[in-house]
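Colleague: turn this into a structure:
(one chain, ligands or ions: 1)
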Amino acid sequence: MPKTPRWTRTLTDLRSSQDAYLDVVATGPGRSVAGALGLPAPVSLTRHEAGRPEKPRTVLVIADESSSADADALAQALSARGHDVRRDAQAVAEGSERIQAVLLVLSQAHGPSDLTAPSLSLGSVLRRLDRGARVVAVSRAAEGVAAGSAVAVSASAVEAGTESVRRNAARQGAVGLVRSLAQEMRGGATANGIVMADGVAVDAPSVLGGLDFLLSGRSAFVSGQFLPVTSEAGPASLAQAALGETPLEGRVIVVTGAARGIGEQIARLLHAQGAQVVPIDVPAAGDALAKLANAIGAASLPLDVTADDAGQRILEHCRTRFGRIDGIVHNAGITRDKMLANMDEGRFASVQAVNVEAPLRITQQLLADPLAQGLRVVGLASTSGIAGNRGQTNYAVSKAGVVGMVAALAPELAAGGGTANAVAPGFIETEMTAKIPMARRQVARRLNSLQQGGLPVDVAEAIAFLLSDAAAGISGQTLRVCGQNLVGA
Ligand code: NAD
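Modeller: Numbering: from 1, shown residues only. Sure thing, here's the model as predicted:
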């Protein structure tokens, strides 16, 4: 039998949903060729393996002068977690040892010029960073400016006076530093930030929990992003040690759209982290849903989330089987792309119905019942809902709507100890994105700082983190899992 010519095989690979280009350039001669031609040279990301605790990292802690006490507290917390903490940037820069992380503490910076020395110290050690290294900045949220990707803070909160104006400039300066540095990172390394609201201590549970997440392989596809810590809620035990491999032990968590793609991966990961998962999908996806439910020992609920009584049916299911419901992940979503000039009502309305109207209705139905006291809600937004995307006005309306939904739900849930957050994936390798024409798909994969598409598990990890006690002090936020998409905000 004649062999298929190599170019045809390559073309077939490129057409498939797998990223064949990444496989070719990740190592060996393919990598050298890509380098010589100035082509993108992504590396395979090192991800967390469920159930396998990660090795501690060598972490260099750098701070501006006024933040040194906060740096001491954080260095102590890192040591307590088993990390090997270094404090002397010059020794690291001049030595030959590789380090796996830098923690940049800028929490008390008074003015923009306070950022000069620590930024240059950080620059001096970048060549010493290992593959897959992490840079995490810890700073305070600037008033009047969106801390992360989405939430507006009232401008009236800005105090008058030169001191506070200078301080605000420094706080926002830290954001500029991280966003630019993330674009300069190589070898699968990432740079992110934790921004604390005023009044949140540097060793608050979600600052430390956020640090655990951002330093680990659980955040492999998160770069150039910020975790805003809005309160000190969360377990005191986080000061001593990171949450283990099963932080969701005993929780009952509903996942919609779980029959395939990102939803399936969310269900599997939450199960691996100890949760009792209730997977939901349309009755037509019953076989795939049943297969998943079997694999994770769950009782699935075939249900169209747009049904008027979807919330009631979820409550009934959880009440009779578990007597509780702790969280819901509104993952079910559809796209019906068309330029607005060619858009019809069916396409526009169906996308709103599934992606945002159903999560709104279901959440309100759940919150009306005492069983859902303290509910943890996670919505699926999209970078299209933040930066916009040609041909996706209907989808962007729905996904920006999810960002708005969680921001407004946060104060409502806070009274009962619940939280509401969203995750905004960029390009993730699923059946949904496999439908994008080959050439556009190849380009879309490279248009982020990590130069590759993310995997469903990357989104699942961020969601599991947001559902855990470690994120109890994070609410109303939207975390992008997009490898720092270079298009848009
Ligand atoms: P997918 O199409 O592979 O899976 C979506 C699942 O939702 C399917 O199993 C489908 O049957 C289910 N579903 C659709 N309508 C439903 C309804 N009315 N009731 C119940 N279930 C329903 O999609 P995916 O790529 O896994 O995306 C999952 C979520 O992530 C979606 O909300 C999507 O908008 C969002 N997202 C995906 C990407 C990406 O790159 N794949 C990027 C940004 C956001």
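Colleague: which helices and strands sit right next to the helix or strand where Phe348 lies?
Modeller: Secondary structure assignment for Phe348, by DSSP states H and E: helix 345-352. Helices and strands touching helix 345-352, by 3 or more C-beta pairs under 8 Å, 6 or more residues apart in numbering; DSSP states H and E, are helix 393-414. Every C-beta, even on glycine, is put in place using the N, C-alpha and C of the backbone.
Colleague: does the ligand sit close to stretch 263-279?
Modeller: Yes - on the criterion C-beta under 6 Å from any ligand atom, stretch 263-279 is in touch with the ligand at Gly263.
Colleague: got the CA positions of that stretch in PDB?
Modeller: Taking C-alpha atoms only, stretch 263-279 is exported to PDB below (Å, rounded to 0.1, in the frame of the first residue of the first chain):
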ATOM      1  CA  GLY A 263     -17.900  20.800  31.400                       C
ATOM      2  CA  GLU A 264     -16.900  17.200  31.300                       C
ATOM      3  CA  GLN A 265     -13.400  18.100  32.500                       C
ATOM      4  CA  ILE A 266     -14.800  20.300  35.300                       C
ATOM      5  CA  ALA A 267     -16.900  17.400  36.500                       C
ATOM      6  CA  ARG A 268     -14.000  15.000  36.500                       C
ATOM      7  CA  LEU A 269     -11.700  17.400  38.300                       C
ATOM      8  CA  LEU A 270     -14.200  18.400  40.900                       C
ATOM      9  CA  HIS A 271     -14.800  14.700  41.600                       C
ATOM     10  CA  ALA A 272     -11.000  14.100  41.800                       C
ATOM     11  CA  GLN A 273     -10.900  16.900  44.400                       C
ATOM     12  CA  GLY A 274     -13.500  15.200  46.600                       C
ATOM     13  CA  ALA A 275     -16.800  16.800  45.500                       C
ATOM     14  CA  GLN A 276     -20.000  15.000  44.800                       C
ATOM     15  CA  VAL A 277     -20.800  16.200  41.300                       C
ATOM     16  CA  VAL A 278     -24.200  16.600  39.800                       C
ATOM     17  CA  PRO A 279     -23.600  16.500  36.000                       C
END
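Colleague: contacts only, for the residue nearest to Val356 when sequence neighbours are not counted.
Modeller: Closest residue to Val356 apart from its sequence neighbours, by C-beta to C-beta, 6 or more residues apart in numbering: Gly401 at 3.9 Å. By C-beta atoms under 8 Å, 6 or more residues apart in numbering, the contact set of Gly401 is 352, 355-356, 385.
Colleague: next one: Gly401 from Leu467, what distance?
Modeller: 21 Å (C-beta to C-beta, to the nearest Å).
Colleague: got the buried residues for the helix holding Phe348?
Modeller: Buried residues in helix 345-352, counted by 16 or more other C-beta atoms under 10 Å: 347-348, 351-352.
Colleague: after it, next one along is what?
Modeller: Next along from helix 345-352, by DSSP H and E: helix 358-367.
Colleague: what comes up buried for that following helix?
Modeller: Neighbour count says helix 358-367 has 358-363, 365-367 buried, by 16+ other C-beta under 10 Å.
Colleague: and the next element down the chain from that helix?
Modeller: By DSSP H and E, the next helix or strand past helix 358-367 is strand 376-380.
Colleague: touching the ligand at all, that following strand?
Modeller: Yes - for strand 376-380 and the ligand, the contact criterion (C-beta under 6 Å from any ligand atom) is met by Leu380.
Colleague: list the contacts of that strand.
Modeller: Contacts with strand 376-380, where a contact means C-beta under 8 Å, 6+ apart, come from 253, 262, 326-331, 333, 355, 359, 363, 399, 402-403, 405-406, 409, 413, 418-423, 425, 459, 463, 466-467.
Colleague: near the ligand, which residues of the stretch 251-400 of the chain? Just list them.
Modeller: Residues of the stretch 251-400 of the chain lying close to the ligand (C-beta under 6 Å from any ligand atom) are 256-257, 259-263, 281-282, 285, 304-306, 331-334, 354, 380, 382.
Colleague: 5 Å instead?
Modeller: 257, 259-262, 281-282, 285, 304-306, 331-333, 354, 380, 382 (C-beta under 5 Å from any ligand atom).
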